[in-house]
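>>> I need the structure of the sequence given here:
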Amino acid sequence: MTEFFETPKGITHRAYNEIMNLYNHLRFSIYLDDYSEEITRIIEENNLNSHYWNSEFKKLYQKAWQKLDNLIKEHEAWSFLKAVRVFDPNQLDRVSKDPKDYENVIPYLDFSQNVIKNQFIAYTKTKNFKDESQELIEFWKGLTNNCPELAKVAIRSLNMPVTSVDVERSFSMYRDILSHKRCSLKLDSISSLSMINYNSNIDNS
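Residues are numbered from 1 along each chain as shown. You can find the predicted model right below:
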């Protein structure tokens with residue numbers, strides 16, 4: 001899951017599902033008596049009390065699940081992550097197709113404009129299933145002629161970052177750019193070098 005959230009872009013439509021998989025894993029692990037083979041092996045090799053350690057793991061899973069549960073309930077982006085799945089045609093059978101469920105949830109999706117509303121309804125009624133190997137952003141770029149306004153909102157939503165990984169990565173990059181040998185760089189030069197360095201890394205990843 002860590003690798004998933006370190007992906008630079010294009011994962012917004014899958015974030016909700018990944019988090020819910022973790023949520024359910026933690027929730028149901030509370031009721032397990034046995035855990036991973038590695039943990040079982042360590043307990044056996046060290047002659048540890050399995051009953052005690054199973055009880056401790058239950059407490060840890062319970063604590064982790066409650067923490068994630070509270071985070072989900074309080075996080076203001078949760079409704080967006082749940083709603084943005086509508087832009088993945090392969091998930092349309094699992095989400096609502098009612099425009100009212102997306103009003104004031106997905107930015108720029110303004111159904112007061114009949115053009116966007118009609119494009120949305122047409123999209124949800126069409127069998128638009130995409131090939132699994134096709135990037136979702138490319139799929140929506142292919143719909144810019146048929147539903148340009150909706151495609152613009154979809155691409156913008158799908159490109160939204162879901163973690164602070166990019167920010168943290170940029171700080172490491174700044175350290176390489178603004179080294180002690182380059183301490184006289186002007187702000188414009190730092191900005192340009194950062195843009196080139198960061199975007200070239202994304203393209204090559």
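>>> quick one: Arg85 from Asn146, how far?
21 Å (CB to CB, to the nearest Å). Backbone N, C-alpha and C define where each C-beta goes, glycine included.
>>> Neighbour count: those two, which is higher?
Ranked by neighbour count (other CB atoms under 10 Å), Arg85 and Asn146 place Arg85 first, with 19 against 13.
>>> Is the more buried one in contact with Lys97, as I believe?
No - no contact is recorded between Arg85 and Lys97 when judged using CB atoms under 8 Å, the distance being 11.7 Å.
>>> tally of neighbours for His25?
A total of 13 residues lie near His25 under the criterion other CB under 10 Å.
>>> next SSE after whatever helix or strand it lives in?
Using DSSP states H and E, His25 sits within helix 12-29. Tracing the chain past helix 12-29, the next element assigned as helix or strand by DSSP H and E is helix 37-45.
>>> pLDDT of that following helix, averaged?
Per-residue pLDDT values across helix 37-45 average out to 76.
>>> got the contact list for it?
Contacts made with helix 37-45 from outside it, assessed by CB atoms under 8 Å, 6 or more residues apart in numbering, are listed as 34, 48, 50, 53, 57.
>>> quick one: which of those is most hemmed in?
Highest neighbour count within those, by other CB under 10 Å: Phe57, with 19 neighbours.
>>> residues near the nearest residue to Pro107 once chain neighbours are set aside, how many?
Distance criterion CB to CB, 6 or more residues apart in numbering; nearest residue to Pro107, sequence neighbours excluded, is Ser157 at 7.1 Å. By other CB under 10 Å, 20 other residues sit near Ser157.
>>> got the contact list for the helix ranked longest in the chain?
Secondary structure of the chain per DSSP state H: the longest helix is helix 50-74. Defining contact as CB under 8 Å, 6+ apart, one finds that helix 50-74 is touched by 19, 22-23, 26-27, 29-30, 32-35, 39-40, 43-44, 78.
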